[in-house]
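**Student:** Here is a sequence with its predicted model. Questions after.
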Amino acid sequence: MSAPNPLSERLRFAEFVLDRLPNGRCRAKVGLTWRDSEAFVGQSEGLASQAGELRCAAQACVIALGQAVQGGMVFELVGVKAVRAFDATVVIVSLSTNAEGTDQRVVGSVLTEEDAARAAALAVLNATNRLLGNSLFMR
């Protein structure tokens, strides 16, 4: 029997949609997949500003993650920010979680030049990768 492919055990970023609504708000939808057969979708709504769109996208990913871990862990978005560094835009997210029975903070980041809101959702996955690998594998 061969060992499981570690890439198939990781949540994958499958879909991202950000809609700017006529009422000055935005709606983000993030789709994640696991083992190519399970899908988790998170949606969030917020203000249609640069900061609002980042937060909305990150929150949608946090919601999808909550579905994936099925209550095994709780993630809360502490903050999200885009900064210029090293001649690029870096989107950084901070999350709090109760992984392994203790409260802790995790941070993720993504370099981007095109879609900062999408990068915010990806940064959430980057922040939680190590924690989720063990949790999902044990399901």
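**Tutor:** Sure thing, it's come through. All values reported here derive from a predicted model rather than from experimental measurement.

**Student:** so where's the protein uncertain?
**Tutor:** Across the chain, the ranges flagged by pLDDT under 70 are 1-9, 99-100, 133-139.

**Student:** Strands of that one, start to end?
**Tutor:** Chain-ordered strands for the chain, with DSSP state E as the definition, fall at 12-20, 25-34, 38-47, 75-85, 88-97, 104-112.

**Student:** what comes up buried for the fourth one?
**Tutor:** Just to be clear, that refers to strand 75-85. Judged by neighbour count (16 or more other CB atoms under 10 Å), strand 75-85 contains these buried residues: 75, 77, 80, 82. Just so you know, the C-beta spots here come from the backbone N, C-alpha and C atoms, and that holds for glycine as well.

**Student:** And for the first one?
**Tutor:** Using 16+ other CB under 10 Å as the test for burial, strand 12-20 gives 13, 16, 18.
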